[in-house]
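Chemist: using only what follows, build the 3D model:
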Amino acid sequence: MTHSPHTAGDSISSADNSLYSHGNSISNHSPQWVTHSPQLTTHSPLTARNSLSSHSEQLTFLTQRATHSPQRAIHSPHSAGDSLSSIDDSLSSHTECLLRSLHDNQPKLNITKQDFLCVQIAALCHDMGHGPFSHLFDGMFIPEVRPGITWEHEKASVSMFHCMRKKNGLDKEMKHYGLNLDEDIEFIQELILKGQKDGQWSMKGRTEDKSFLYEIVANKLNGIDVDKWDYLARDCHYLGLPKAFDHQRLLKSARVCEVNKRKHICFRDKVAENIYGMFHTRYTLHRQALQHKIGYIIDVKIKDALVLADGKPDFKISDAIDNMLEYTKLTDHVFDQILHQSNSNTDLTEAKGILNDILKRRLPKFVGEARLKEEVLKEELCNYWQEKIMGHQTLRDKDFDIYVLGMGFGEGNEPIKDVYFYSKNEPNKAFKMEKYQVSSLKPKKFHEWLVRVYNSKHTDDQNIQQTVEEFFHEWCKNNKFIDSGNYAFICICRDVTTESPVGPLSSTPPRDPKKIFNDPIYGQIELDPLLMEIIDTPQFQRLRHIKQLGGTYLVYPGATHTRFEHSLGMAYLAGRMINVLKEKRDDLGIDEKDILCVQIAALCYNLGHGPFSHLYEQFYHESLKLTSILILEDILKDKGLKGKLQLNEKDLTFIKELVNGVFTSNKQWPAKGRTKDKAFLYEIVINKWNGIAVRRWDYFARDCYHLGTPNSFDHQRMLKSARVCKVNGRNHICFRDKVADSVYDMFKTQYTLYSQAYQHKIVNIIEKQFKEALTAAQDKLTKISPFTDSPSQGDVHQSTSNGSRKRKIASGEERVAKLSKLTDHIFEEILYSTDVELKDAREKLEDVVKRRLPKCVGETRITEEEFNNKQILQDKWNEAMIQWNKLHPTVFLDKKDFDIEVIQLDCTFSKGQNPFDSVYFYRKRNPAEAFKIKTYELSSLLPEEFTEYVGRVNYRKNSGEQKDAKECFKWWCLGKVLSSDPVTDWRRGSIAVLQSGAPSLLLLGLLYIQMLPLFTFKVGLSI
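Modeler: Residues are numbered from 1 along each chain as shown. Coordinates of the predicted model:
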């Protein structure tokens, strides 16, 4: 469960108990609980902002401890990198929308407030039972290690729900909000377990007249439910795949009709095609992503590693399903726990080896797949494969793995077989539609079985791989199990016989084709195969487990993207940029080595990030760029890799300079990797001249996409207009004059992202807690510390960040070794530790997951002087509290309970500077001449200042005085508009007046407060 940034951490006030009396239906004519209650806002990249009603706010209060106490952010293959907590939050939103639609359109359904709350709780808790790597755990791992039991994640969700209630005392809260525990707990449990399909009514939570409620969260009747709507929409969004259906259209057409004396959710007849589209989207997702040929074998290998580790000391993985408190601690972190076990732990050597193979992409090679006529036992196919391969001279049966898997539109039946519809003219009459009434172009069957063959022998020999693939197609011919249909097999380029040896196909094998990634931002992107040599290293793969935006995901549910995809995006854009420049001017001397070096620098720029990205950089107090270079050097120690890249010392220097950045406008040329005639190359990855670089372009587009924030900046327009021109005798990247507005849009997007997300008030509070936890843990968990584990005399000394003692800085090699084992999973390692030495750190993280956080009582714009010297602002606030306490004798605000935070927000590259000052443009008719844009050519609506400073006051105590603190802050901020001489302000007209000429009553109050010292009496005044 995630919290709204607008209410995150705030306690939810008690509601009027009479409003929640059990059994009262929601009146269509007086929906007071909907229209007049405060709303909880969550940020979703799918729906921008979801405004949840007061019932959802209650739901948040009841269930925030379910997902945050302790937190279980499982990263699921079915969520394309998004955490399940984010999915559950949105699922609850879809549930409310559907319920509200049914209630508004059919008030006679008598949907009560308790119905709303129970169904939403069930939706929120539906996925709580998922184990590590989601369906891999209950679909592959548990059946192998515990074959004698039937175990599904829905049952685990119910067990987790009951454990959550007891552990966190939620029954009291549920009673407070009007739930009948005996009846409603049973109802929630039944909703999670999918209810019943048909037969005599056996549900106990609700009577048969409420049967339609069981079809909202998980629909056992026909599979159309909000769970499917959400994961189809969310997965397509994050995977960058097209979505062939509109769940909003289905939602709005939903209506309850009576079918065989039982109420069911039905849909308008005109949306039947949309239902086909929904199930076809499901098939497409499974085909292209969830059961992708490489993703599938990675899942198999992770399962194998878990099986090998299960039962070993400290790895009672399968036993955790019998104890929900232990199961709560079981997340994807188990991957890192196995991977980073000491080499002395020989029990896990084989499991570690498998996970290392995954990171280094030493995976079984995909040979081929074929459709089966029907479900066939794996053993039969293996035997048939073995019979055919026995006579082959070079291929051995033991080198191959065969898998049988199914995929389809759903349960294998006609998608609309169990769906009821209604027509516009008869909305209360339900009927079924036949397939021919929708379209004659639908498939004859809706489920298929596949056989996949993998070559488990690690080899890069393309001749052997081609031989294996040709053998597979020969095996498929005349195979009694294979569904050949009416289609001929692809023509094989040469005859293959089991008697003839395989010779070389070509004396000069072609260069490997470019690797294609499906990126949600840019679509299908291609990267040079040489870049894959770096990507497929453990050091680079580590970035998959480091969130791009640190702790922002605890406020914005969608912000779970990682440094891995950002790095790929940077490399792609860097390649595009340099090719655009080369195409426009072929006299720049750009060669293939230049392109490769620039892309390597872009790819590796983020290598030095630690847990939660920039958060760790602030704790570590070391330059990201320096650490990135150290890790890149560690990668290139592999002589084989260095040989493939064919980089000389000058090239390596060039790459390091690109990562560090070079001031290309310096009079004396500072770089050594390339001469000054190629200065423009240093402005592609990070641009120290004007800040316009692919690094910003990618993270603006990517972060907006995942945050659900509008992006007003079009980087494609600037990229296509980029051109190299002479500026003061040196080659710089310039842009067409017509894209000048895009420069401001770019920095305006930067300002928006910083103000709304990166420096969000709750994000900053959470990340401060993280840093304090890391500081408290660094002496025990030495791997998170920049200091050496074995101090020796003569080393450089530096104080720890808390100033407690001095230790010696670790060498570059030791720092790389430490960082290579550090990912976001350090959060869980501390949170679930039982070590007494980690108690302080653990408690700080528990405060985060339980939302026991300082409260931001307010923020205000401050001066640059106050920003540079925070004590000035602190003193002003302390004085305000003293005056407030004098005016309110019954209230005491203690300055020790407050923290002052100051932040800088820029709408430019360099503090306070107009972003256009360092940008040069060219005109269409004279592209060789660079110039600065004239003021009159720019919009007159641009701001006069491009940097502002914000002061925030955070209140650490969790008490009723928070309201007083907020009122004091407002009083203080409003009083700042007046000078120390209020009478002079009045005479000068500084105090605002209404149009009628009457002074503003609010400011009159402020005037009165400031003049109080002139009087001999005291009056308590609260504004």
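Chemist: ok, residue 307 - contacts?
Modeler: By C-beta atoms under 8 Å, 6 or more residues apart in numbering, the residues touching residue 307 are 141, 144-145. Placement of C-beta: from N, CA and C, glycine included.
Chemist: and stretch 868-881, what's buried?
Modeler: 872-874, 877, 880-881 (16 or more other C-beta atoms under 10 Å).
Chemist: most neighbours out of the contacts of residue 307, which is it?
Modeler: residue 141 (24 neighbours; other C-beta atoms under 10 Å).
Chemist: show me what contacts the closest residue to residue 652 other than its chain neighbours?
Modeler: Distances taken as C-beta to C-beta, 6 or more residues apart in numbering place residue 636 nearest to residue 652, at 7.3 Å, with adjacent residues excluded. Counting by C-beta under 8 Å, 6+ apart, residue 636 touches 642, 645, 647, 652.
Chemist: now those: which count as buried?
Modeler: Neighbour-count burial (16+ other C-beta under 10 Å) is assigned, among the contacts of residue 636, to 645, 647, 652.
Chemist: just the closest of these to residue 515, please.
Modeler: Nearest to residue 515, judged by C-beta to C-beta, of these is residue 645 at 15.2 Å.
Chemist: for residue 375, see how far away that closest one is.
Modeler: Separation of residue 645 from residue 375 (C-beta to C-beta, to the nearest Å): 47 Å.
Chemist: check residue 584 too.
Modeler: Noted for residue 584: a distance of 58 Å to residue 375, by C-beta to C-beta.
Chemist: the two: who's more crowded?
Modeler: For residue 584 versus residue 375, neighbours defined as other C-beta under 10 Å are more numerous around residue 584 (14 against 10).
Chemist: once you drop chain neighbours, what's closest to the more buried one?
Modeler: Excluding the flanking residues, the one nearest residue 584 by C-beta to C-beta, 6+ apart is residue 723, at 5.2 Å.
Chemist: tell me the pLDDT of that neighbour.
Modeler: Looking at residue 723, its pLDDT is 97.
Chemist: list the beta-bridge partners for it.
Modeler: Note on residue 723: beta-bridge partners by DSSP bridges are residue 734.
Chemist: wait, it sits on residue 737?
Modeler: No - under the criterion of C-beta atoms under 8 Å, residue 723 makes no contact with residue 737, lying 11.4 Å away.
Chemist: and which of the contacts of residue 636 is nearest residue 468?
Modeler: Nearest to residue 468 out of the contacts of residue 636 is residue 645 (C-beta to C-beta; 28.8 Å).
Chemist: state the distance from that closest one to residue 452.
Modeler: Taken as C-beta to C-beta, the span from residue 645 to residue 452 is 33 Å.
Chemist: next one: residue 171
Modeler: For residue 171, the distance to residue 452 - C-beta to C-beta - is 49 Å.
Chemist: do the same with residue 310
Modeler: Going from residue 310 to residue 452 by C-beta to C-beta gives 25 Å.
Chemist: before we move on, the earlier item: restricted to helices, list the buried ones among the contacts of residue 636.
Modeler: Using DSSP state H, the members of these that fall in helices are 645, 652.
Chemist: need the buried ones among the contacts of residue 636 in a markdown table with pLDDT and distance to residue 447, can you?
Modeler: Listed next are those as a markdown table, based on pLDDT from 0 to 100; distance: C-beta to C-beta, whole Å:
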| residue | pLDDT | distance to residue 447 |
| --- | --- | --- |
| 645 | 89 | 46 |
| 647 | 91 | 51 |
| 652 | 95 | 54 |
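Chemist: any chance of JSON lines for the buried ones among the contacts of residue 636, columns distance to residue 749?
Modeler: Shown next, in JSON lines, are the buried ones among the contacts of residue 636 (distance: C-beta to C-beta, whole Å):
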{"residue": "645", "distance to residue 749": "35"}
{"residue": "647", "distance to residue 749": "35"}
{"residue": "652", "distance to residue 749": "34"}
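Chemist: returning to that earlier point: and of the contacts of residue 636, the nearest to residue 404?
Modeler: Set against residue 404, the nearest of the contacts of residue 636 by C-beta to C-beta is residue 645 (40.5 Å).
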